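> build me a model:
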Amino acid sequence: MPGEKQFRFGVNMVVPGSRTAWVEKCRKAEDLGFDVIGAADHLGMAPPFPALVLAAEATERVRLNTFVLNTPFYNPALLARDVTGTRGRPPASASITLSARSSSSTAATPTRSTNPSPHNAPGRRC
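Alright, predicted model coming up:
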């Protein structure tokens, strides 16, 4: 598409303990010019979906994604509910990356994005 960026700069962030700190962190990332904000998913950390919904409400133009969802932690039906529960929240430009392994694995992790963007086509990285 004309005028569309050929690549984006993103930042993957750990969600801090307070709502105010997370909002400030997301706004700072947007002010610094990042195009994508990602939230990590690890045990002992804040869950990514509420953090991404809050990031969407606090920012204006950034895309959002999960850094990598550790799918072994989730019941598939509950994960589907959490993912679809974020629909309709601003913005529509969010993507989910799934891992087939736990976070303790040192092997390469296969991932799949649910974002239908042409930038996420097989063999392309955004």
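> what comes up buried for whatever helix or strand Thr20 lives in?
Element membership of Thr20 [criterion: DSSP states H and E] is helix 19-31. Using 16 or more other Cβ atoms under 10 Å as the test for burial, helix 19-31 gives 22-23, 25-26, 29-30. Any C-beta I mention is one placed from the backbone N, CA and C, and that applies to glycine too.
> got it, and stretch 38-58?
Those would be 38-41, 46, 48-56, 58, for stretch 38-58 by 16+ other Cβ under 10 Å.
> now the two most distant members of those residues.
Asp41 and Ala58 (19.5 Å; Cβ to Cβ).
> got the buried residues of helix 19-31 as JSON lines, with pLDDT columns?
Converted to JSON lines, the buried residues of helix 19-31 look like this (pLDDT from 0 to 100):
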{"residue": "Trp22", "pLDDT": "94"}
{"residue": "Val23", "pLDDT": "96"}
{"residue": "Lys25", "pLDDT": "95"}
{"residue": "Cys26", "pLDDT": "96"}
{"residue": "Ala29", "pLDDT": "97"}
{"residue": "Glu30", "pLDDT": "96"}
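> for this structure, which segments count as helices?
Taking DSSP state H as the test, the helices found in the chain are 19-31, 48-58, 76-85.
> cool, thanks, signing off.
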